[in-house]
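Colleague: Coordinates only, no sequence provided:
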Ligand SMILES: C[S@@+](CC[C@H](N)C(=O)[O-])C[C@H]1O[C@@H](n2cnc3c(N)ncnc32)[C@H](O)[C@@H]1O
């Protein structure tokens, strides 16, 4: 009995070591899998390819490659004087049907090209949240707002998965030339939908992929069909597509209440 016991005790440290080794390998493997899974995303929603467009990030959502974010170094392009004639922002603002007192968000606001224009429509009784992922853009935006004497706005720094907008309070979220850059479009749109009032609206404004004459890189354009396909995964219903702008669609959805 003593022999058996002592032999058992002699083998136990080895068994412990083996168990510890197996556990260590298991944790290393789990950590490797977690590290490869994008934060806060459903692994099945996105796919990744090594070979991809130089303008994209190699990450795909619903058959579309996500475009690289336009850096703040290119901010002057957003404020170019020709933009008025090329894109007719006045027609876009008309299409949005904003009213005095509305609370809205300019998502991916950049330098705030649309923020102060929207703010002047909603007036002092309303408010515009200007969201961006780049703090440098928000600094430029704040200077721009001061130049236009705009005070009824709030700059909001978002994350890759959350717009950080107040829940349930927005009449409209405007997304001009930004959705195709969202790193996590599914999660970001979920967060935007949470920020909308019941029946609040969200407007995708994207360069027409259907039109080869629109002089914009392919990954920075979207077809109406692609926008509607991606919106189908969200608690939204399509309201209208407005084609009065020279280069961009205005595709409007409303938050579903059912
Ligand atoms: C092409 S600019 C458009 C700026 C502005 N909407 C306009 O039309 O003048 C795209 C902007 O979207 C921002 N952006 C990209 N991904 C974003 C994200 N996940 N959340 C918030 N902003 C984002 C970029 O930092 C950039 O300022």
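Modeller: Arrived safely, thanks for sending. Note that this is a predicted model, so its numbers are computed, not measured.

Colleague: Run through the helices of the stretch 151-258 of the chain in chain order.
Modeller: With DSSP state H, counting those that start in this stretch as the criterion, the stretch 151-258 of the chain has helices at 185-195, 224-231.

Colleague: between the ones you listed, which one is nearest to the ligand?
Modeller: Of all the helices of the stretch 151-258 of the chain, helix 185-195 sits nearest to the ligand, with 5.6 Å by C-beta to the nearest ligand atom. Using the backbone N, CA and C atoms, a C-beta is placed for each residue, glycine as well.

Colleague: how about residue 103, what does it touch?
Modeller: The neighbours of residue 103, taking C-beta atoms under 8 Å, 6 or more residues apart in numbering as the test, are 122, 126-129, 169-171.

Colleague: And for residue 117?
Modeller: Counting by C-beta under 8 Å, 6+ apart, residue 117 touches 89, 93.

Colleague: Which of the helices or strands spans it?
Modeller: Secondary structure from DSSP states H and E places residue 117 in helix 115-122.

Colleague: Helix or strand next in line after that helix, which one?
Modeller: Immediately after helix 115-122, counting by DSSP H and E, sits strand 127-132.

Colleague: same for that following strand, what does it pack against?
Modeller: Where contact means 3 or more C-beta pairs under 8 Å, 6 or more residues apart in numbering; DSSP states H and E, strand 127-132 is packed against strand 103-107, helix 115-122, helix 135-147, strand 153-157.

Colleague: Now a ChimeraX select for only the buried ones of the contacts of residue 103.
Modeller: Buried members of the contacts of residue 103, defined by 16 or more other C-beta atoms under 10 Å, are picked up in ChimeraX with:
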select :122,126,127,128,129,170,171
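
Colleague: Throw the contacts of residue 103 into a markdown table and include pLDDT and distance to residue 103, thanks.
Modeller: Listed next are those as a markdown table, based on pLDDT from 0 to 100; distance: C-beta to C-beta, whole Å:
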| residue | pLDDT | distance to residue 103 |
| --- | --- | --- |
| 122 | 98 | 7 |
| 126 | 98 | 6 |
| 127 | 98 | 5 |
| 128 | 99 | 8 |
| 129 | 99 | 8 |
| 169 | 96 | 6 |
| 170 | 98 | 6 |
| 171 | 98 | 6 |
